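*Asks:* My questions concern the predicted model and sequence given below.
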Amino acid sequence: MPTAGFRSRWRAWWRSRGVARDAPHAADWQAAFARVPMLTNWSAADRQRLQRMALAFLSDKALEPVADAAPDRAEMLALALQAALPVLNLGLDWYRGWHAVVLYPDDFRSRFDEVDQAGVVHQVEAWRSGESWSAGPLILSLAEVAAGGQGTGCNVVVHECAHKLDHLDGHSNGHPPLHAGMDGAAWTEAFAGAYRDLGRRTLRRLHTALDPYAAESPAEFFAVASEAFFDQPPSLKHGYPAVYRQLALFYRQDPAAHWSHHGP
């Protein structure tokens, strides 16, 4: 984990670009929104709310470029807009317990433990475009951040932020803490049924409403479904309507309402 002093230095780096200290100009936001076409049809009022949440995110989290990553102002604002989406109607406290976003220029090598069917733990290395630690930073590839928000259903920022929400109760199982009044049984029924269907369709190499990676685990299904919920809502709503309804209740949003018949 980066030290407090290290985080402070990067906050100073961020402030030196005038984002945390002074509100970005209209042209800055215009450039940022241009990088996230899925937000094209949002109303001016909703964009302003999202901008405020994005600034709160940047004030609360330290951006830590490594390995020669050099995001420009529009890239950082676009990243913050996407990170703000899941908590827009929940509040920034839902991102509690972590303080940094580590930024690589491209995919990065990650080392992690994997348990095989015999219970033996193996240390594995793999290329990643994003990673979320339960009590650590969010780690993102800037190249993948730039590729997200295009209305294709792929969004590494939303994906990894969804993992953070899933971790809030101490478990990464595709079942984040639900709001009072939400029906846990309805959530389980919707997600379990869709997860089984996706697994079957993936094995048979049939068309799937979600990226087949969602079949890896319930946790990945929740994260991938969250990507589609924000980045390509009509596809999720048509393919897995019960999952869409549960996510609409959880995120307290209806992204499909922003969507035109021709996409973002």
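*Replies:* All right, it came through fine.
*Asks:* Quick one: low-confidence residue ranges for the stretch 151-264 of the chain.
*Replies:* Across the stretch 151-264 of the chain, the ranges flagged by pLDDT under 70 are 260-264.
*Asks:* What segments of the stretch 1-150 of the chain are strands?
*Replies:* 62-65, 100-104, 108-115, 121-128, 130-132, 138-141 (DSSP state E, counting those that start in this stretch).
*Asks:* what's the neighbour count on the closest residue to W42 other than its chain neighbours?
*Replies:* Spatial nearest neighbour of W42, excluding adjacent residues (CB to CB, 6 or more residues apart in numbering): H258 at 5.4 Å. All C-beta atoms are positioned from the backbone trio N, CA, C, and that covers glycine. By the measure other CB atoms under 10 Å, the count of residues near H258 is 17.
*Asks:* Now do the contacts for H258.
*Replies:* When contacts are counted by CB atoms under 8 Å, 6 or more residues apart in numbering, H258 touches 39, 41-42, 46, 233.
*Asks:* Isn't Y244 up against K237?
*Replies:* Yes - with contact defined as CB atoms under 8 Å, Y244 reaches K237; the gap is 4.3 Å.
*Asks:* who has more neighbours, those two?
*Replies:* Set Y244 next to K237 and count neighbours by other CB under 10 Å: Y244 wins out with 24 against 21.
*Asks:* re the thing from before, widest-spaced pair of the contacts of H258?
*Replies:* D46 and P233 (14.4 Å; CB to CB).
*Asks:* Looking at those two, which has the bigger crowd around it?
*Replies:* Neighbour comparison, D46 and P233: the larger count goes to P233, with 24 against 15 (by other CB under 10 Å).
*Asks:* what comes into contact with whichever helix in the chain runs longest?
*Replies:* In the chain, with assignment by DSSP state H, the single longest helix is helix 184-203. Residues from elsewhere that reach helix 184-203 (CB under 8 Å, 6+ apart): 174-175, 178, 207-210, 212, 214-215, 218, 221-222, 225, 240, 242-243, 245-246, 250.
*Asks:* D254: neighbouring residues, count only.
*Replies:* Neighbours around D254, by other CB under 10 Å: 15.
*Asks:* Same question for A83.
*Replies:* A83 has 24 neighbouring residues, counting by other CB under 10 Å.
*Asks:* pretty sure it is touching C161, no?
*Replies:* Yes - the pair formed by A83 and C161 meets the contact definition of CB under 8 Å, at 5.6 Å.
*Asks:* In CSV: the contacts of H258, plus distance to V156.
*Replies:* Putting those into CSV (distance: CB to CB, whole Å) gives the following:
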residue, distance to V156
L39, 16
N41, 22
W42, 20
D46, 23
P233, 18
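*Asks:* min pLDDT across the residues you listed, which one?
*Replies:* Among those, N41 carries the lowest pLDDT, at 90.
*Asks:* That one: how many residues sit nearby?
*Replies:* 15.
*Asks:* Please apply the same query to the one 4 residues further on.
*Replies:* Neighbour count for A45, taken as other CB under 10 Å: 8.
*Asks:* And it, how close does it get to R52?
*Replies:* Computed as CB to CB, to the nearest Å, the A45 to R52 distance reads 11 Å.
*Asks:* next one: F229
*Replies:* From F229 to R52 the distance is 22 Å (CB to CB).
*Asks:* More neighbours: which of the two?
*Replies:* Taking other CB under 10 Å, F229 and R52 do not tie; F229 has more neighbours (30 against 13).
*Asks:* what helix or strand is the more buried one on?
*Replies:* Take DSSP states H and E as the rule and F229 turns out to sit in helix 218-231.
*Asks:* Just want the angle from that helix to helix 184-203.
*Replies:* 90 degrees (axes from the mean of the first three to the mean of the last three CA atoms, to 10 degrees).
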